[in-house]
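Trainee: Got a predicted model here, sequence first, then my questions.
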Amino acid sequence: MAPRISFEFFPPKTEDGKQKLYATREALQRFDPAFFSVTYGAGGTTRDTTAGIVTGLKGQGVSMAPHLSFGGDDEATVLALLQRYADAGIDRIVALRGDMPSGMGAIAQLVYANELVAFIRKHFGQQFHLEVAAYPEIHPESTSYTEDIRYLKGKFDAGANSGLTQYFYNPDAYFYYIDQCEKAGIEAPIYPGIMPITNFTNLLRFSRNCGAEIPRWLVQRMEAFTDPADQRKLGEEVVTDLCETLLEGGAPGLHFYTMNLAGPTSRILDQLGMEVAAVSDESETAQ
Ligand code: FAD
């Protein structure tokens, strides 16, 4: 079976950003993704922009999946948003606990993702395919490896269908994690999250916060370059190799953190030979 490909976007802040996102979406369509997802700002801060992008593109016939968390919202607000998605024909949601935006921690409590999954199943039955987050290098707040996997299992027991991982650059971390998940009784597919390397300095900073490990050898090799173009080239080679190893090792597909750019993700997929052959008008009408 062909690997499942999906692409993640963040909601743009400006009209110009929105037009660029639409162009990126169009450019990535040739890889025949199962869906495009759009992230949700911590605490629901992008509620309207996320919903606007998702329902707008869905209206054009694109398969879309909004990310969703309770953030600081009450049940009625989350239900109304879910109903809006259901009415728009959305059939997939990435269900998360999310993080609190700074300053809100004192006035609101986070709702664990397993509770959001149970909430969606209670109110909408099987209407949505539910993706949940998974952490091969373990969630930064987690107190133990086995506990984190137990909580992941809790999300599947509550009704989630599949997992999307935090990004990583060590394929063994993913393969070991999948083994441990299987031993814990998780049968659902867990798709590796892939972060193309476009700006290594930013990646290092961001990775410290989200608990993704950048291998020492990669830091050493990247820091040997002074030209960002050389870093990008190496980044492309490294991430292409990573994807190849993951797919050869049995990963069911790839979920790309595109950063709203078509180029870096497209170049990796092109090197993997993943473009879907376009059906020409001729072959469609032949016979
Ligand atoms: P949970 O699965 O609820 O886990 C959170 C932590 O609590 C973990 O340490 C877990 O071990 C622990 N835990 C889980 N359940 C319980 C329980 N019942 N009791 C006690 N402890 C528990 N963030 C955003 O703000 N917006 C996004 O759009 C977004 N998209 C993401 C997409 C992907 C694919 C990934 C991997 C992450 C994304 N994130 C996003 C980041 C994510 O919100 C943070 O990592 C957040 O801290 C955890 O969310 P979660 O859904 O994994 O939480």
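Mentor: Cool, the structure landed. Note that the structure is predicted; figures quoted are calculated from it, not measured. Residues are numbered from 1 along each chain as shown.

Trainee: The nearest residue to residue 222 once chain neighbours are set aside: how many residues sit nearby?
Mentor: Nearest in space to residue 222, with sequence neighbours left out and distances taken as C-beta to C-beta, 6 or more residues apart in numbering, is residue 200 at 4.8 Å. Backbone N, C-alpha and C define where each C-beta goes, glycine included. For residue 200, the count of nearby residues is 20 (other C-beta atoms under 10 Å).

Trainee: do you know how far residue 200 is from residue 270?
Mentor: If you measure residue 200 against residue 270 using C-beta to C-beta, to the nearest Å, the figure is 22 Å.

Trainee: before we move on, back to that, hang on, the residue nearest to residue 222 packs against residue 230?
Mentor: No - contact criterion C-beta atoms under 8 Å: residue 200 and residue 230 do not qualify, at 10.4 Å.

Trainee: show me what contacts the spatially closest residue to residue 232 that is not a sequence neighbour?
Mentor: Leaving out its chain neighbours, the residue that sits closest to residue 232 by C-beta to C-beta, 6+ apart is residue 198, at 6.4 Å. Shown in contact with residue 198 (C-beta atoms under 8 Å, 6 or more residues apart in numbering): 232, 235, 259, 261, 264.

Trainee: so where is the chain shaky, pLDDT-wise?
Mentor: 103-108, 276-287 (pLDDT under 70).

Trainee: how far is the lengthiest helix in it from where the chain is centred?
Mentor: Looking across the chain with DSSP state H, the single longest helix is helix 228-248. Distance, stretch centre to chain centre, for helix 228-248: 18 Å (C-alpha atoms, centre = their mean, to the nearest Å).

Trainee: Show me what counts as buried in it.
Mentor: Within helix 228-248, the residues scored as buried using 16 or more other C-beta atoms under 10 Å are 231-232, 234-236, 238-240, 242-243, 246-247.

Trainee: And for stretch 219-227?
Mentor: Neighbour counts over stretch 219-227 (16+ other C-beta under 10 Å) mark 221-222 as buried.

Trainee: With just CA atoms, put that stretch into PDB.
Mentor: Extracted C-alpha coordinates of stretch 219-227, given in PDB (Å, rounded to 0.1, in the frame of the first residue of the first chain):
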ATOM      1  CA  VAL A 219      24.800  19.800  15.100                       C
ATOM      2  CA  GLN A 220      28.500  19.300  14.400                       C
ATOM      3  CA  ARG A 221      28.000  19.000  10.600                       C
ATOM      4  CA  MET A 222      25.600  21.900  10.400                       C
ATOM      5  CA  GLU A 223      27.800  24.200  12.500                       C
ATOM      6  CA  ALA A 224      30.800  23.500  10.200                       C
ATOM      7  CA  PHE A 225      29.000  25.400   7.400                       C
ATOM      8  CA  THR A 226      28.900  29.200   7.300                       C
ATOM      9  CA  ASP A 227      26.600  29.500   4.300                       C
END
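
Trainee: What parts of the stretch 51-200 of the chain come near the ligand?
Mentor: For the stretch 51-200 of the chain, the contact set with the ligand under C-beta under 6 Å from any ligand atom comprises 67, 94, 96-99, 112-114, 133, 139, 141-142, 148, 151, 154-155, 164-166, 193.

Trainee: which of these are buried?
Mentor: Those of those that meet the buried threshold are 67, 94, 96-99, 112-114, 133, 139, 148, 151, 154-155, 164-166, 193, by 16+ other C-beta under 10 Å.

Trainee: Among those residues, which lie within strands?
Mentor: Per DSSP state E, strands hold the following members of those: 67, 94, 133, 164-166, 193.

Trainee: farthest pair in these?
Mentor: Spatially, the most separated pair among those is 67 and 165, at 14.3 Å (C-beta to C-beta).

Trainee: Distance-wise, check residue 196 relative to the ligand.
Mentor: Residue 196 sits 15 Å away from the ligand, going by C-beta to the nearest ligand atom, to the nearest Å.

Trainee: again, but for residue 109
Mentor: Residue 109 is 12 Å from the ligand, where distance means C-beta to the nearest ligand atom.

Trainee: and what of residue 76?
Mentor: Distance, residue 76 to the ligand, using C-beta to the nearest ligand atom: 21 Å.
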